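Trainee: After the sequence you'll find the predicted model.
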Amino acid sequence: MDPMTEALLGDAPAEVLERTPVPDEYTALHLRAEDAGMFSGVTGDKDVRASLRVGPVPMPELAPDEVLVAVMASSVNYNTVWSAMFEPVPTFEFLKRLGRTGGHASRHDRPYQVVGSDAAGVIVRAGSGVRRWRVGDRVVVSPVHVDDQQAATHDDGMLGTEMRAWGFETNFGGLACYGVVRASQLIPKPAHLTWEEAACIPLCGGTAYRMLVGPHGARMKQGDTVLIWGATGGLGAFAVQMVRNGGGIAVGVVGSADKAERLRALGCDVVLDRTEFGIGGDDLAPDETIRLGKGLGRAIRAETGGDPDIVFDYVGRATFGLSIFLAARGGTVVTCGSSTGYQHRYDNRYLWMNLKRVIGSHGANLREQWECMRLFERGHLMPTLSRVYPLDEAAEAVRLVQRNAHMGKVGVLCMAPESGLGVTDEQLRDRIGPDRLNPLLETPVPVA
């Protein structure tokens, strides 16, 4: 065990961490540029375990506005699946583009990429320009990597042309023992959560908050009916909680009886199994969209008395046509991703003639991330962790997400040697109760 790891696991104070050397290299889940063509011409299963590697990478230097975070835990997001399949383009193209901006950005253009867009951990080094954070601070990391010298960033961090997803469009991401993070990505870690619980929140929790609650999204209000596709997924399970917490009616759609049961345990108001309506995971022809949409729409109206005011869609190609059809007259479809494909087909008549809106949403700015995390700090929202893997099995965790064989969020222990560590407010944790804290937690099963 190297001196820094020993100090961190022994809860050493900040002054000890400051004088303890950081290692020259660290363990990380990463991709190699030499492998970028491995799936060329493959039309079947592109198993991400073939491209993802766990092993040592060099420790990069810090820019003045950055900190080095010792990552105790991380979690898997679908963007790591895209990276590992090298789709829609190899993410090494993003690193080259970032590197061309010059200065410290040139560090990102390497023949390897450390992936991962979530993290919780401890600051062990801070750049000379960092003012509000110190070595020893316990933090979670927003995945939104912005240029604070761009004008648009000061209106909304998501609008700057240099906004990037950390660990997807940048290097040195969170599925590793260390992460290089801009100070503008940092949020205090909720004291009652474990490392892995906290790490599962930022990307999906912040994204769902912006989509539903923040001023740049659908602006859900009390009494709104919200249709949530993939309601036990990483995004969907947060969305269900936010709808119910905000006085809305959550209508969750899942793809199996097991997921339906878990969704009811999460407290979803209306639970629908799409397979009972003949809806699979494939793109639908326009006439099939209308036929199947009518059946699903009747079921929603029978349960709620009306059509969905908001449709929450991150599934993409397999659901987007239905989302447009099902939204109420004057309703809103808010979308942040396309895990089943990003080229959508829909009947535009149902959009324009019924005065519906489509809102594109991406990540969350730092203010939204802080406001979202405050809800977790106060016990109003709960982590959606379902399984936890060690870092040396992180490729298996990504494979689970690739196959959509998971519920909620899949956590990865990085420097934390076991689950359950990192809690500094046991009283709040006891008041909330362990059952409420982890409503989706399950026993791991082998990954095919």
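Mentor: Yes, it's here.

Trainee: for the longest helix anywhere in the chain, packing partners?
Mentor: Using DSSP state H to assign secondary structure, the helix with the most residues in the chain is helix 286-304. Taking 3 or more C-beta pairs under 8 Å, 6 or more residues apart in numbering; DSSP states H and E as the contact definition, the neighbouring helices and strands of helix 286-304 are strand 225-229, strand 249-254, strand 270-273, helix 320-326. Where C-beta positions appear, they are placed from N, C-alpha and C, glycine not excepted.

Trainee: most tightly surrounded among these?
Mentor: strand 225-229 (a mean of 29; mean count of other C-beta atoms under 10 Å).

Trainee: ok, back up a step: dump the helices and strands packed on helix 286-304 to a markdown table, plus mean pLDDT and distance to residue 389.
Mentor: As requested, these are arranged in a markdown table below (pLDDT from 0 to 100; distance: least, C-beta to C-beta, whole Å):
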| stretch | mean pLDDT | distance to residue 389 |
| --- | --- | --- |
| strand 225-229 | 98 | 26 |
| strand 249-254 | 97 | 23 |
| strand 270-273 | 96 | 28 |
| helix 320-326 | 95 | 31 |
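
Trainee: mind putting the ones you listed in JSON lines, distance to residue 377 included?
Mentor: Conversion of these to JSON lines gives the following (distance: least, C-beta to C-beta, whole Å):
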{"stretch": "strand 225-229", "distance to residue 377": "24"}
{"stretch": "strand 249-254", "distance to residue 377": "22"}
{"stretch": "strand 270-273", "distance to residue 377": "29"}
{"stretch": "helix 320-326", "distance to residue 377": "32"}
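
Trainee: which one of these lies closest to residue 425?
Mentor: Judged by C-beta to C-beta, the one of these that comes nearest to residue 425 is strand 249-254, at 28.5 Å.

Trainee: quick one: the closest one to helix 286-304, angle?
Mentor: Strand 249-254 runs at 130 degrees relative to helix 286-304, counting by axes from the mean of the first three to the mean of the last three C-alpha atoms, to 10 degrees.

Trainee: Where does the prediction get shaky in this structure?
Mentor: 443-448 (pLDDT under 70).

Trainee: could you point out the longest strand in it?
Mentor: In the chain, with assignment by DSSP state E, the single longest strand is strand 66-75.

Trainee: Packing partners of the helix or strand following that one?
Mentor: Per DSSP states H and E, the first helix or strand lying C-terminal to strand 66-75 is helix 78-85. Secondary structure elements in contact with helix 78-85, counted by 3+ C-beta pairs under 8 Å, 6+ apart, are helix 394-402.

Trainee: Give me the residues contacting the helix it packs on.
Mentor: Where contact means C-beta atoms under 8 Å, 6 or more residues apart in numbering, the residues beyond helix 394-402 that reach it are 29, 47-49, 52-54, 76-78, 80-81, 84-85, 175, 387, 389, 406, 410-412, 447.
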